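> sharing a model that was predicted from the sequence below.
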Amino acid sequence: MTKIFYYFFIIIFLQSSPQIQSQTIPRNISIFILAGQSNMAGRGGVYNDTATNTTVWDGVIPSECRSNPSILRLTAKLEWKEAKEPLHVDIDVNKTNGIGPGMSFANRVITRFGQVGLVPCSIGGTKLSQWQKGQFLYEETVRRSKAAVASGGGSYQAVLWYQGESDTVDMVDASVYKKRLVKFFNDLRNDLHEPNLPIIQVALATGAGPYLDAVRKAQLKTDLENVYCVDARGLPLEADGLHLTTSSQVRLGHMIAESFLAIPNSAQQSLYMHFFSLFCSLYVSLNIFGTIFHFL
């Protein structure tokens, strides 16, 4: 009888969820790539502290952005850790990061998955020309995305893309934005070997220059299959008039989640994969039990 309890304890230990450590290797993780510039990296709650003349984050984390052991983020060192705000703290290192749309999105879709893995890749103040194939930001995004899948046999679910404010400054950047955007999306899908990978992009709420409408027009109509657009126009902005407030970022994350869950078969397929994973775990457990009792 002592042997039975011993082996039972071992099985429970093996089947229990591991604690998040410096390096956790998740299995069957559903991966979402977060790319773009500052509003994707997150500036919600970021303000200029006049007393110190520095930019700081207020540290306020809404309940919709709470941490969850089943929501992980890929760090700059390519390690999986439990995700928490700010998601881009070690990625967009030259800026002060706050609340972005990633965590509110993840908390909305987590019920459809066993585990969600967020891959932050956004850098504030960047133009679309810096995201073209061969450029550092593009190659880093591909490298990090491939590492996320290789680390635990995960699968790409979607790219979440919010960029373009910097391209509203120059007329040439704005006029070729659609051409560059289509090329970026196609190249990224090709290099990740996912020709139909869903891409959910955000149409700008505001811009840094006078060509906002030209960029928004390109974003709202890419003419690509499985590319969806969520419009951020009208969401409240921080005092700088450029970045979304914390509450706006929460709302945007929910809007992106609603767009993703509305994609045909996305929710059903992810739910199927979750139950398939559970079935595999149960199958392994039953085989272990059979082996144990065979030797008792």
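Arrived safely, thanks for sending.

> next structured bit after the host helix or strand of residue 229?
Using DSSP states H and E, residue 229 sits within strand 227-231. Downstream of strand 227-231, the next assigned helix or strand under DSSP H and E is helix 246-261.

> got the contact list for stretch 69-77?
17, 20, 24, 26, 29, 80-84, 87, 90-91, 93, 103, 106-107, 110, 113-120, 144, 147-148 (Cβ atoms under 8 Å, 6 or more residues apart in numbering). All C-beta atoms are positioned from the backbone trio N, CA, C, and that covers glycine.

> filter the residues you listed to the buried ones?
In the contacts of stretch 69-77, burial by neighbour count holds for 24, 26, 29, 80, 83, 87, 91, 103, 106-107, 110, 113-120, 144, 148, counting by 16 or more other Cβ atoms under 10 Å.

> tell me which of those fall in helices.
Within the buried ones among the contacts of stretch 69-77, residues falling in helices by DSSP state H are 103, 106, 107, 144, 148.

> show me the two of the residues you listed that sit farthest apart.
Between any two of those, the greatest separation by Cβ to Cβ is 22.0 Å, found for 107 and 144.

> what bridges to residue 81?
Going by DSSP bridges, residue 81 is paired in beta bridges with residue 73.

> in CSV: the ones in helices among the buried ones among the contacts of stretch 69-77, plus pLDDT and distance to residue 55.
Listed next are those as CSV, based on pLDDT from 0 to 100; distance: Cβ to Cβ, whole Å:
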residue, pLDDT, distance to residue 55
103, 98, 21
106, 98, 26
107, 98, 27
144, 98, 26
148, 96, 30
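
> which one of those is nearest to residue 233?
Looking across these and measuring by Cβ to Cβ, the closest to residue 233 is residue 103, at 22.5 Å.

> isn't the closest one right up against residue 88?
No: using Cβ atoms under 8 Å, residue 103 is not in contact with residue 88; the gap is 11.1 Å.

> which SSE is immediately downstream of the helix or strand of the chain with the lowest mean pLDDT?
The least trusted helix or strand in the chain, going by mean pLDDT, DSSP states H and E, turns out to be helix 2-15, with a mean of 34. Note on helix 2-15: by DSSP H and E, the next helix or strand toward the C-terminus is strand 30-36.

> from the contact counts, what lies against that next one?
Strand 30-36 sits against helix 102-109, strand 116-120, helix 136-150, strand 155-162, with contacts defined as 3 or more Cβ pairs under 8 Å, 6 or more residues apart in numbering; DSSP states H and E.

> contacting residues around the shortest one?
The set of residues that contact strand 116-120 without belonging to it, under Cβ under 8 Å, 6+ apart, is 26, 29-34, 41, 70-74, 80, 83, 87-88, 91, 102-103, 106, 109-110, 144-145, 148, 154.

> next one: the last one
With Cβ under 8 Å, 6+ apart as the test, strand 155-162 has contacts from 28-37, 39-40, 101-102, 105, 113, 122, 145, 149, 185, 188, 192, 194, 197-202, 232, 256, 260, 266, 270, 273.

> let's go with 7 Å and repeat that
Strand 155-162 has contacts (Cβ atoms under 7 Å, 6 or more residues apart in numbering) with 30-36, 39-40, 105, 149, 188, 192, 194, 197-202, 256, 260, 270.

> do the third one as well
Among residues not part of helix 136-150, those counted as contacts by Cβ under 7 Å, 6+ apart are 31, 33, 35, 74, 78, 117, 119, 121, 123, 126, 130-132, 154, 156, 191-192.

> what about 8 Å?
Against helix 136-150 from outside (Cβ under 8 Å, 6+ apart): 29, 31, 33, 35, 74, 78, 117, 119, 121, 123, 126, 130-133, 154-156, 184, 187-188, 191-192.

> report the buried residues of it.
By neighbour count on 16+ other Cβ under 10 Å, the buried set for helix 136-150 is 137, 138, 141, 142, 144, 145, 148, 149.

> can I get those residues in CSV with distance to residue 165?
Formatted as CSV, the buried residues of helix 136-150 follow (distance: Cβ to Cβ, whole Å):
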residue, distance to residue 165
137, 15
138, 18
141, 18
142, 23
144, 23
145, 23
148, 26
149, 30
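
> in the stretch 151-296 of the chain, what spans have low per-residue confidence?
For the stretch 151-296 of the chain, applying pLDDT under 70 flags the ranges 266-296.

> recalculate using a threshold of 90.
Along the stretch 151-296 of the chain, segments meeting pLDDT under 90 span 151-153, 264-296.

> what's the distance between residue 44 and residue 65?
When distance is defined by Cβ to Cβ, to the nearest Å, residue 44 is 9 Å away from residue 65.
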